[in-house]
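Asks: pasting the structure only:
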């Protein structure tokens, strides 16, 4: 049984790549810091027609946990993420 473990998601530790058409800047709004939410909602501010969101616990992105193309500036994980750093 897990005790008080948190899903650590931080702007520094999270591996999120947002590929931007038109080279606009992106600001990650959330999540930031630690969370116990295993299906977090990722949201960011930016002006683009398309975003690619890739999340992996491996800095070399060998086996992405989430790899989606989006036209919106938010995404909620559709499955439980393991506790740990991303």
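Replies: Cool, the structure landed. Please read all numbers here as calculations on a predicted model, not as lab measurements. Numbering: from 1, shown residues only.

Asks: Residue 38 against residue 84, yeah?
Replies: No. The pair residue 38 / residue 84 is not scored as a contact, 10.9 Å apart, by C-beta atoms under 8 Å. In this view, the C-beta of every residue, glycine as well, is placed from N, C-alpha and C.

Asks: now the strands for this protein?
Replies: Assigned by DSSP state E, the chain shows strands spanning 7-8, 16-18, 27-30, 34-35, 41-45, 51-55, 66-70, 74-76.

Asks: who does the fourth one pair up with?
Replies: Each strand that strand 34-35 pairs with, and the sense of that pairing, follows from DSSP bridges: strand 7-8 (antiparallel).

Asks: and what of the fifth one?
Replies: Under the criterion DSSP bridges, strand 41-45 sits next to strand 27-30 (antiparallel), strand 74-76 (antiparallel) in its sheet.

Asks: can you tell me how far residue 78 sits from residue 25?
Replies: 27 Å (C-beta to C-beta, to the nearest Å).

Asks: just residue 79 next, same as before
Replies: The separation that residue 79 has from residue 25, given C-beta to C-beta, amounts to 30 Å.

Asks: burial count for residue 55?
Replies: 21 (other C-beta atoms under 10 Å).

Asks: quick one: pLDDT of the residue nearest to it when sequence neighbours are not counted?
Replies: Leaving aside its chain neighbours, residue 55 sits nearest to residue 66 (4.1 Å; criterion: C-beta to C-beta, 6 or more residues apart in numbering). Note on residue 66: pLDDT of 92.

Asks: Residue 66 and residue 77 touch, don't they?
Replies: Yes. Residue 66 lies in contact with residue 77 (C-beta under 8 Å); the separation is 6.4 Å.
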